[in-house]
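Novice: Attaching a predicted model along with its sequence, questions to come.
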Amino acid sequence: MTQNINPKGSVIYKILIVLLAAGLVASILYPKHLWKQEELRTQRSRNNMEHILYAELVYLTQTNTYTDTLEKVVQMIESDTTGKLLRSFVNNDSVLAAQIIEHLKNYEPANAIIDSLSRFGYKMSIDTTDALVLDSLRTFADYSRYIDSVGIYTLNNFANCPTANRPYQLSIVDTSAIIYLNIACPIDSLDSLAVARNLLLSKIGGLTIKNHGKIENFEKSWTK
């Protein structure tokens, strides 16, 4: 009886091929993963700055001024027992409202309500606002609780840039004619340099990071 035994060198050769193939796949997938993650963090960071702006607008309606302390904003909205401030924040935050509506399209009768309002707006040539849609959905207790829970979650998670993990930079400009709020991403050259010096992130992963932008007097730098 003969045995078919591979030479030792052949086994090692096959192992090397497998390792090289795995390394090649990893060298392609790893950078893509890093880039995608930073792309998502960038979008989340910009969404956060918009959330902050709308929360500050709620604060402005109550105090006639802005604040550079987000804890004050969150505390004011969350401590309102009537729920009106939270409702105002969610309804007027176009990014947050759109995200909630898009999610609720997966459920009935929410999807039917959203669809009906959209068709009504189209038929009457009027703009069906997100606030109108959300208020209609709030007639259902479960949807109302969900909308409020998303609003609370957002208020408690928008303070820090997801890439730098540091608070956004808030500054108030008060002129004799107008008062407005500036919101800026905290990423600076030191953050970019730290990534550039990281062998795994920059050399192997090809990752670079940059400031996510700012909002000045309602103008978003990333839309210019």
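Specialist: Perfect, thanks for sending it.

Novice: any idea how far P162 is from the residue positioned nearest the centre of the chain?
Specialist: Centroid check for the chain by C-alpha atoms, centre = their mean gives R44 as the closest residue, at 2.2 Å. Using C-beta to C-beta, to the nearest Å, R44 is found at 5 Å from P162. In this view, the C-beta of every residue, glycine as well, is placed from N, C-alpha and C.

Novice: Then V173?
Specialist: Separation of V173 from P162 (C-beta to C-beta) stands at 26 Å.

Novice: Could you check which of the two is surrounded by more residues?
Specialist: Shown here are V173 and P162; by other C-beta atoms under 10 Å, P162 has more neighbours (17 against 12).

Novice: Now the closest residue to that one other than its chain neighbours. Its backbone dihedrals?
Specialist: Counting by C-beta to C-beta, 6 or more residues apart in numbering, P162 lies nearest to R41, which is 4.4 Å off, once chain neighbours are set aside. Per-residue torsions, R41: phi -70, psi -40 (degrees, to the nearest 10).

Novice: Can you point out the helix or strand that includes I52?
Specialist: Element membership of I52 [criterion: DSSP states H and E] is helix 8-63.

Novice: Next secondary structure element downstream of that helix?
Specialist: For helix 8-63, the following helix or strand on the C-terminal side (DSSP H and E) is helix 70-79.

Novice: I'd like the average pLDDT over that following helix.
Specialist: Across helix 70-79, the average pLDDT comes to 97.

Novice: I'd say Y180 and S171 touch.
Specialist: No - between Y180 and S171 there is no contact under C-beta atoms under 8 Å: 9.7 Å.

Novice: Those two: which has the busier surroundings?
Specialist: Using other C-beta under 10 Å as the criterion, Y180 and S171 rank with Y180 on top: 17 against 13.

Novice: That one should be in a strand, yeah?
Specialist: Yes - assigned with DSSP: H, G, I helix; E, B strand; the rest coil, Y180 falls within a strand.

Novice: How many residues are close by the residue nearest to it when sequence neighbours are not counted?
Specialist: Closest residue in space to Y180, ignoring its immediate chain neighbours: N217 at 4.3 Å, by C-beta to C-beta, 6+ apart. Neighbourhood size, N217 [other C-beta under 10 Å]: 10.

Novice: quick one: contacts for N217?
Specialist: N217 sits next to V173, I178, Y180, N182 when contact means C-beta atoms under 8 Å, 6 or more residues apart in numbering.

Novice: from those residues, which two are the most distant?
Specialist: I178 and N182 (12.7 Å; C-beta to C-beta).

Novice: More neighbours: the two, which one.
Specialist: N182 (17 against 8).

Novice: Show me where this structure dips below the pLDDT cut-off.
Specialist: Low-confidence segments of the chain, defined by pLDDT under 70: 1-9, 11, 13-29, 122, 124-128.
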